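> no sequence on this one, just coordinates:
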């Protein structure tokens, strides 16, 4: 019996040794390779093609609002009794230049701006900026030459008995890749 017990212990120890040594003896170092890639797009540049111009008006006795349609460049009177007298009326126009076939998004930094009378302090408001392309589409794809044009309209509010003169203001346009 003693011999059998010793033999069993040896077998047990031997199998334990084999189990511990086997994974260490078959492990081999290996090498592999990988790749990485990055695409750097050229910056987006913006060129102003035309200013947003509402034309000439005669002030009324009530607050009046006019909308410049960015698609057609036409003026629509929304409220009030001010009178549009014609003059130069244009939607603003901007051309973006960048990496061909990439998608860009144009935004107006401000929701509203004040126009101030030259040599005065009187103000009028422009708000509700909108882009051409139906429903104010802001995301566009640059064409094969890397450009796309946006037109921008907005709503002008003329106060009752607005002081005569030229009114000016400015707004900022931002352009980003999407």
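Good, I have the coordinates. Being a predicted model, the structure only gives us computed values, none of them experimental.
> which stretches in the chain count as strands?
Under the criterion DSSP state E, the chain carries strands at the ranges 45-50, 56-58, 64-68, 75-79, 83-86, 92-97, 103-108, 112-117, 123-131, 139-141, 147-158, 167-168, 173-177.
> just checking, what packs against the fourth one?
Applying 3 or more CB pairs under 8 Å, 6 or more residues apart in numbering; DSSP states H and E, one finds that strand 75-79 contacts strand 64-68. (Each C-beta comes from the backbone N, C-alpha and C, glycine too.)
> ditto for the first one
For strand 45-50, the elements it packs on are strand 92-97, judged by 3+ CB pairs under 8 Å, 6+ apart.
> list the buried residues in the strand it packs on.
Taking 16 or more other CB atoms under 10 Å as the basis for neighbour counts, the residues of strand 92-97 that come out buried are 92-94, 96-97.
> then stretch 97-113?
When burial is assessed from 16+ other CB under 10 Å, stretch 97-113 yields the following buried residues: 97-99, 102, 104, 106, 108, 113.
> and for stretch 121-131?
Within stretch 121-131, the residues that qualify as buried by neighbour count (16+ other CB under 10 Å) are 123-126, 129-131.
> repeat for stretch 45-64
46, 52, 54, 57, 59-60, 64.
> same deal with stretch 66-76?
For stretch 66-76, the buried set under the neighbour-count rule, 16+ other CB under 10 Å, comprises 66-68, 70, 73, 75.
> of the residues you listed, closest to residue 149?
Taking CB to CB as the measure, residue 149 sits nearest to residue 70 out of the buried residues of stretch 66-76, at 11.2 Å.
> what's the neighbour count on the residue lying closest to that closest one once chain neighbours are set aside?
Using CB to CB, 6 or more residues apart in numbering and skipping the chain neighbours, the partner closest in space to residue 70 is residue 153 (3.6 Å). The local packing count at residue 153 equals 27, with neighbours defined by other CB atoms under 10 Å.
> measure residue 153 to residue 121 for me?
Going from residue 153 to residue 121 by CB to CB, to the nearest Å gives 27 Å.
> show me the contacts for the spatially most central residue of the chain.
For the chain, residue 105 is the residue whose C-alpha lies nearest the centre (CA atoms, centre = their mean; 3.3 Å). Residues near residue 105 by CB atoms under 8 Å, 6 or more residues apart in numbering: 138-140, 175-178.
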